[in-house]
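A.B. asks: Okay, predicted coordinates and the sequence, questions at the end:
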Amino acid sequence: MIRLGMLVGALLLFQAAAADAAPRDDMLSGISRCNSFADERTFLDCVYGAAEPVRAELGLPPASQDQTRLVPSATMNTGALPLVSKAPQPTESRGFISRFFGTGKLVTRSQAMRSYAFNAAGLFTVRLSNGEVWRQEDGDNSRAHWSKAASNYVVTVVTGTLGSFDLQVNGESLFYKVQRQR
């Protein structure tokens with residue numbers, strides 16, 4: 001029985017580490033694609049742009065668009081430089097009353113999940129088909145119990161109270177409080 005508990009604990013820690021490693025993996029992958037630049041200044045700007053996933057995870061100011069544009073696409077084999085698309089940042093409502101009570105304004109239209117992972121506390125991080133990454137807030141007591149492939153879940157994100165964001169999975173009645181990671 002103790003071995004089973006240790007195995008479950010190790011699996012939960014492994015899953016949490018895998019979820020936390022995604023932005024770092026994205027960054028390192030982007031940096032490796034920056035090697036195509038011979039000019040040191042352009043290479044360095046590309047590296048700054050490739051660090052965007054980790055910057056977003058840490059809540060740091062974003063890299064400039066000039067830097068993120070330099071990061072070659074992972075699927076590209078030519079020398080052309082693609083524009084790395086970044087999802088627009090959600091905007092808060094301007095009025096005090098609407099910000100306090102929430103507006104339910106659509107932030108992200110229905111999108112299929114590309115992946116999801118749970119950390120050791122049972123909080124999720126989801127990556128959507130449009131590239132956005134949303135992480136469940138620490139103070140949210142709702143727990144998701146998803147077990148199907150990520151592509152089976154379609155989510156919508158709307159504005160919530162006090163400038164927060166609510167994620168809802170189609171077919172579920174719960175709203176999850178989330179923060180945008182990317």
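C.D. replies: All right, it came through fine. Numbers count the residues shown, from 1 in each chain.
A.B. asks: If the most centrally placed residue in the chain is in a bridge, with which residues?
C.D. replies: Using C-alpha atoms, centre = their mean, the residue of the chain that lies closest to the mean C-alpha position is residue 133, 1.7 Å off. Beta-bridge partners recorded for residue 133 (DSSP bridges): residue 127.
A.B. asks: what's it in contact with, if anything?
C.D. replies: The contact partners of residue 133, by C-beta atoms under 8 Å, 6 or more residues apart in numbering, come to 22-23, 56, 125-127, 180-182. Bear in mind the C-beta positions are built from the backbone N, C-alpha and C, glycine included.
A.B. asks: rerun that using 7 Å as the cut-off
C.D. replies: Contact partners of residue 133, counting by C-beta atoms under 7 Å, 6 or more residues apart in numbering, are 125, 127, 181-182.
A.B. asks: Do you know the pLDDT at it?
C.D. replies: Per-residue pLDDT puts residue 133 at 93.
A.B. asks: For residue 136, which non-adjacent residue is spatially closest?
C.D. replies: residue 123 (4.2 Å; C-beta to C-beta, 6 or more residues apart in numbering).
A.B. asks: tally of neighbours for that neighbour?
C.D. replies: 21 (other C-beta atoms under 10 Å).
A.B. asks: circling back to that earlier point, so how far is residue 161 from the residue nearest to the centre of the chain?
C.D. replies: Residue 133 sits 22 Å away from residue 161, going by C-beta to C-beta, to the nearest Å.
A.B. asks: how about the strands in this structure?
C.D. replies: 106-118, 124-128, 133-136, 154-159, 165-169, 175-180 (DSSP state E).
A.B. asks: Please save the CA atoms from the first one in PDB.
C.D. replies: So that's strand 106-118. Extracted C-alpha coordinates of strand 106-118, given in PDB (Å, rounded to 0.1, in the frame of the first residue of the first chain):
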ATOM      1  CA  LEU A 106     -15.900  37.100 -24.700                       C
ATOM      2  CA  VAL A 107     -12.100  37.000 -24.500                       C
ATOM      3  CA  THR A 108     -11.400  33.700 -26.400                       C
ATOM      4  CA  ARG A 109     -14.000  32.200 -28.700                       C
ATOM      5  CA  SER A 110     -14.700  28.500 -28.400                       C
ATOM      6  CA  GLN A 111     -11.300  26.700 -28.900                       C
ATOM      7  CA  ALA A 112     -10.400  23.100 -28.700                       C
ATOM      8  CA  MET A 113      -7.700  22.300 -26.100                       C
ATOM      9  CA  ARG A 114      -4.400  21.200 -27.600                       C
ATOM     10  CA  SER A 115      -3.100  19.900 -24.200                       C
ATOM     11  CA  TYR A 116      -3.800  20.100 -20.500                       C
ATOM     12  CA  ALA A 117      -1.800  19.200 -17.400                       C
ATOM     13  CA  PHE A 118      -2.500  19.200 -13.700                       C
END
